[in-house]
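J.: sequence-free structure coming up:
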């Protein structure tokens with residue numbers, strides 16, 4: 001069903017994000033939350049919704065937008081200006097020099113995506129610790145989580161996804177995903193009313209072909225099971241451990 005009301009999407013996403021924050025204890029009174037702003041629609045919708053929730057929440061928390069510049073994006077200054085005008089918040093821009101690093105030290109026979117991700121994550125973690133942040137908010141939504149589950153199952157032989165809230169591997173940072181209950185369609189719907197264009201990226205690497213394959217399979221399955229995505233997401237917190245093929249149990 002198509003919806004044409006900005007109010008519909010705002011209310012729907014605020015409700016679902018608020019419920020996810022409550023269910024997973026993502027944000028508490030006095031927290032400082034770093035919000036990763038890539039310049040894409042997911043991160044901008046996340047910031048918008050968190051700002052709305054902060055105004056209505058019975059607790060006080062601080063939002064700190066940060067952008068990890070890779071060298072592949074263009075006109076992020078326009079996005080930073082939009083964030084300032086729309087939310088009253090200043091965006092910290094960190095130059096990661098990723099494009100230079102990948103050009104000088106990358107292995108031409110391997111995809112640089114993993115290295116790029118590690119560098120960006122490292123800068124985020126360091127910034128969060130420097131600012132005394134309680135958590136780092138990322139813009140991943142339900143589709144991202146479900147797709148990641150299938151990617152790991154089909155291509156790595158491991159059951160896993162993206163936890164809505166989790167401690168980082170170094171144990172020093174907490175990562176939260178307030179849009180975990182929201183679908184891509186909902187996020188795109190609201191973004192269409194936000195009067196800002198996503199940042200233009202010129203990454204030389206082609207789009208993730210494996211994720212595209214998974215996305216196409218999910219779309220095909222949804223023709224026969226429209227609620228399949230929601231069922232898969234629900235199953236990630238409803239695991240029958242007795243039926244799993246675990247050894248030595």
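T.: Great, that's in hand. Remember, predicted model here, so these are calculated numbers, not experimental data.

J.: I'd say residue 148 and residue 161 touch.
T.: Yes: using C-beta atoms under 8 Å, residue 148 is in contact with residue 161, at 5.0 Å. C-beta here means a position set from N, CA and C on the backbone, and glycine is covered the same way.

J.: out of these two, which sits in the more crowded spot?
T.: When residue 148 is set against residue 161 and neighbours are counted by other C-beta atoms under 10 Å, the residue ahead is residue 161, at 20 against 16.

J.: pull the residues that contact the longest strand anywhere in the chain.
T.: Looking across the chain with DSSP state E, the single longest strand is strand 62-69. Contacts to strand 62-69, defined as C-beta atoms under 8 Å, 6 or more residues apart in numbering, come from residues 31-39, 47, 50-51, 54, 76, 79-80, 83, 87, 89-96, 120, 123-124, 127, 131, 133.

J.: try it again at 6 Å.
T.: 32-35, 37, 50, 83, 89, 91-96, 120, 123, 127, 131 (C-beta atoms under 6 Å, 6 or more residues apart in numbering).

J.: go on, stretch 138-152?
T.: By C-beta under 6 Å, 6+ apart, the list of residues contacting stretch 138-152 reads 36, 42-43, 46, 158, 160-162, 177, 179, 182-184, 187, 211, 214, 229, 232-233.

J.: for that stretch, buried residues please.
T.: 138-151 (16 or more other C-beta atoms under 10 Å).

J.: ok, now stretch 41-60?
T.: Here stretch 41-60 shows 41-54 as buried, counting by 16+ other C-beta under 10 Å.

J.: now stretch 187-204
T.: By neighbour count on 16+ other C-beta under 10 Å, the buried set for stretch 187-204 is 187, 189, 190, 191, 196, 199, 203.

J.: what about the second one, distance to residue 128?
T.: Same thing as residue 189. Residue 189 sits 30 Å away from residue 128, going by C-beta to C-beta, to the nearest Å.

J.: circling back to that earlier point, Produce a PyMOL select command limited to the buried residues of the contacts of stretch 138-152.
T.: PyMOL command restricting the contacts of stretch 138-152 to the buried ones, with burial defined by 16+ other C-beta under 10 Å:
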select buried, resi 36+42+43+46+161+162+177+179+182+183+184+187+214+229+232+233
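
J.: from residue 148, how far off is residue 81?
T.: 32 Å.

J.: pLDDT weak spots in the chain?
T.: 1-3, 105-112, 205-208, 248-249 (pLDDT under 70).

J.: and the angle from the helix or strand where residue 116 lies to strand 62-69?
T.: Residue 116 belongs to helix 113-130 when elements are defined using DSSP states H and E. Here the directions of helix 113-130 and strand 62-69 differ by 140 degrees (axes from the mean of the first three to the mean of the last three C-alpha atoms, to 10 degrees).

J.: can you pull the buried residues of helix 113-130?
T.: Within helix 113-130, the residues scored as buried using 16+ other C-beta under 10 Å are 115, 116, 119, 120, 121, 123, 124, 125, 127, 128.

J.: quick one: these as TSV, columns for distance to residue 167 too.
T.: Output for the buried residues of helix 113-130, formatted as TSV (distance: C-beta to C-beta, whole Å):
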residue	distance to residue 167
115	23
116	23
119	21
120	19
121	14
123	19
124	14
125	12
127	17
128	12
